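Novice: what's the 3D shape of this:
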Amino acid sequence: MLLSGAQFRYWSEAALSPEQVKQHIAKVCEARPRIVWTMTSFHKKRNSRGNSKRKVTWKCEQDFVFSHADDISDPPSDHGMEEFQHTRIKFSKKFAFADAETEAAFAAQELEFITSNLGRDERHEVKTELVIPGYMESMMATTNGRRPCLVNQELYVLSSLLLLELPCSFLLRLFSGKQHYQYSKILKS
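Specialist: Now for the predicted structure:
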């Protein structure tokens with residue numbers, strides 16, 4: 001796919017000041033999370049060439065019901081965002097349970113969700129996801145308020161057509177800092 005490189009993930013939020021990044025982090029930290037189970041029922045179907053293809057026949061989701069969530073994320077640091085003119089920031093998220101009672105409630109609700117949706121097809125797949133409003137996987141902070149030239153749609157398309165996407169990605173990594181921030185939520189029922 002043409003629009004899948006390292007620069008592409010920073011296009012939407014590529015010229016934020018370090019202060020704007022900290023405000024965004026604070027907003028996401030305050031947001032109430034959801035834990036969502038998604039179940040997909042499917043079977044494999046063979047075509048005339050003998051290749052098997054996954055045929056989804058049922059999909060549903062349900063939220064974990066809990067009373068409140070606390071954010072235990074570390075406060076954002078300025079270190080790194082001021083050292084470079086541009087800093088790439090990657091985010092991740094995790095959740096934990098405040099006590100054994102909440103963990104047992106999670107297991108019981110998940111089991112009920114799975115058993116009530118079993119048997120809809122030959123196979124099934126269950127995914128658990130932490131959903132936090134406003135969460136983004138990556139963004140870029142800049143000290144000068146301008147979008148970096150390497151995070152430019154025209155340059156990206158040109159470099160992809162000339163098979164120079166890898167050198168452009170390397171230059172982006174070389175001339176920008178990198179920071180990681182993890183959102184941590186603790187749930188209680």
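Novice: Go ahead and flag the most central residue of the protein.
Specialist: Using C-alpha atoms, centre = their mean, the residue of the chain that lies closest to the mean C-alpha position is E137, 4.4 Å off.
Novice: Please name the nearest non-neighbouring residue to it.
Specialist: Nearest residue to E137 in three dimensions, chain neighbours excluded: F91, at 5.8 Å (C-beta to C-beta, 6 or more residues apart in numbering). Using the backbone N, CA and C atoms, a C-beta is placed for each residue, glycine as well.
Novice: helix/strand/coil for the residue of the chain most remote from its centre?
Specialist: Relative to the centre of the chain, and counting by C-alpha atoms, centre = their mean, the farthest-placed residue is S48 at 37.7 Å. With DSSP: H, G, I helix; E, B strand; the rest coil as the basis, S48 sits in coil.
Novice: Apart from its chain neighbours, what residue comes closest to Q62?
Specialist: Per C-beta to C-beta, 6+ apart, closest to Q62 is F113, 4.8 Å.
Novice: quick revisit: what's the spacing between the residue nearest to the centre of the chain and Y181?
Specialist: 11 Å (C-beta to C-beta, to the nearest Å).
Novice: Brilliant, that's me finished.
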